[in-house]
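Novice: pasting the sequence and the predicted coordinates here, then a few questions.
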Amino acid sequence: MSLFKGQTAVAGVGQTEFSKYSGRSELQLASEAVRAALTDAGLRPADVDGLVTMTVDPNDELSLMRSVGIDEVRWTSRTPFGGGGSKAMLQHAAAAVASGAADVVVCYRAFNERSATRFGQPSSQPNPAWNWYKPFGLDTPAKVYSLWYQRYMTTYGLTNEDFGRYTVVARKHAANNPSAWFYSRPITLADHQASRWVVEPVLRLLDCCQESDGGVAMVVTSTERARDLAQPLVTLEGATQTHLSSAGDNTMFNFYGADLAWFEEASYVARQLWEGTGLAPGDIDAAMIYENFSPVVFLQLEAFGFCGRGEAAGFIAGGHIELGGTLPVNTHGGLLGEAYIHGLNNVIEGVRQIRGTSVNQVPRAARILCAAGHSALILGNGEA
């Protein structure tokens, strides 16, 4: 199980500003991000022959091609399940490049999630999956996920204050990041505890990710080609995903697993990554962990083996995820502190860490984990 180990690289990254009102269309946001990523890589639109985005992205591939000036592509794909599948976008791109189906693949994601459709609010759009839950009042992501997180809290004796210690670190990292919405706005644990309840006793406002406007893009090509391009080499050491029918798997409604105090899908993804790359948790220099809500960071830290089951609260309280700790987490501020672009901005921060250009740089960063529960990848410098 090689997971395309080291065969492909992220050669360019691009983003728009992150805001609450972009003032322009989602197609324009996507186009700006794609052009910025190509410029970063030192490539032209004519070099692109593959595109990958999410099934929920509103930007049509042909419209994007016309807007950016891409003449023709021979590979397109879309990943389902929103943020949980965000790292699978890079897996799709790596598969295309490694197989020869495409040479230069652009991954993109853009939306006006704050100024247009607010995902954190009850949705009126028809979705059969929700029919089993809305009658019980579960009409927002915060309500849905809180049932899962409350089982974790009950099993290990956690309180909302434990979750707040993660949020404080995320905001501390975001405060140093000029691209972050919460730049220069750190918080204390008292600030977290003073924020209003969203779902008592599980989630407060400051446990919830942002609703953001913006776009991001990444250019994936072969490692050989990337060595000759504009930026320092950032290899994809492995990328994988999982969906488990045995766990009653559903990206949002996973109430059917045997143990709701455990993130089984993330554990399976972790096993694939460690076995396929030959790496272990101790080889990772920093982690960019998808956090639509703060508790999911705890579950993923445990699933990936950075600490034992039920030990994430102590791991975080002990300073391990801060700069200078054993595993700095979300050094850009994450989706709570920087922006929520479905987790793809986490990959961009991973690239910056390998390049040595992060505002919160981890010294000699050589391997970065980017995890999103149902999908994950490891970035490397081609030497480690």
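Specialist: That came through, no problem.
Novice: for the stretch 251-384 of the chain, which segments count as strands?
Specialist: Using DSSP state E, counting those that start in this stretch, the strands of the stretch 251-384 of the chain run over 286-289, 367-371, 375-380.
Novice: and of the ones you listed, who's closest to Met65?
Specialist: Smallest distance to Met65 across these (CB to CB): 25.6 Å, for strand 375-380. Using the backbone N, CA and C atoms, a C-beta is placed for each residue, glycine as well.
Novice: just checking: what are the partner strands of that closest one?
Specialist: For strand 375-380, the paired strands and their directions (DSSP bridges) read strand 235-241 (antiparallel), strand 367-371 (antiparallel).
Novice: which one of those strands lies closest to Ser184?
Specialist: Counting by CB to CB, Ser184 lies closest to strand 367-371 out of the strands paired with strand 375-380; the figure is 25.1 Å.
Novice: and that closest one, C-alpha only, in CSV?
Specialist: Output of strand 367-371 as CSV, limited to C-alpha atoms (Å, rounded to 0.1, in the frame of the first residue of the first chain):
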residue,chain,number,x,y,z
ARG,A,367,6.6,16.1,7.7
ILE,A,368,3.1,17.6,8.3
LEU,A,369,-0.1,15.7,8.8
CYS,A,370,-3.3,17.2,7.4
ALA,A,371,-6.3,15.2,8.8
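Novice: what lies in contact with that strand?
Specialist: 87, 237, 266, 269-270, 273, 279, 283-290, 300, 304, 346-347, 350, 353-354, 376-381, 384 (CB atoms under 8 Å, 6 or more residues apart in numbering).
Novice: please pick the buried ones from those residues.
Specialist: Burial by neighbour count, judged by 16 or more other CB atoms under 10 Å, picks out 87, 237, 266, 269-270, 273, 279, 283-290, 300, 304, 346-347, 350, 353-354, 376-381 from the contacts of strand 367-371.
Novice: wait, doesn't Met89 sit right on Gly50?
Specialist: No. Taking contacts as CB atoms under 8 Å, Met89 lies outside contact range of Gly50: 11.5 Å.
Novice: the two - which one has more neighbours?
Specialist: Neighbour count, other CB atoms under 10 Å: between Met89 and Gly50, Met89 has more, with 31 against 24.
Novice: which strand or helix spans that one?
Specialist: Assigned by DSSP states H and E, Met89 belongs to helix 86-99.
Novice: average model confidence for the following helix or strand past that helix?
Specialist: Moving toward the C-terminus from helix 86-99, the next helix or strand (DSSP H and E) is strand 104-112. Throughout strand 104-112, pLDDT has a mean value of 97.
Novice: other SSEs contacting strand 104-112?
Specialist: helix 26-41, strand 50-54, helix 86-99, strand 213-222 (3 or more CB pairs under 8 Å, 6 or more residues apart in numbering; DSSP states H and E).
Novice: so after the last one, what's the next helix or strand?
Specialist: Later in the chain than strand 213-222, the nearest helix or strand by DSSP H and E is helix 223-226.
Novice: quick one: buried residues of that next one?
Specialist: Across helix 223-226, burial judged by 16+ other CB under 10 Å covers Thr223, Arg225, Ala226.
Novice: can I get those residues in JSON lines with distance to Leu233 and pLDDT?
Specialist: Output for the buried residues of helix 223-226, formatted as JSON lines (distance: CB to CB, whole Å; pLDDT from 0 to 100):
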{"residue": "Thr223", "distance to Leu233": "7", "pLDDT": "97"}
{"residue": "Arg225", "distance to Leu233": "11", "pLDDT": "97"}
{"residue": "Ala226", "distance to Leu233": "6", "pLDDT": "98"}
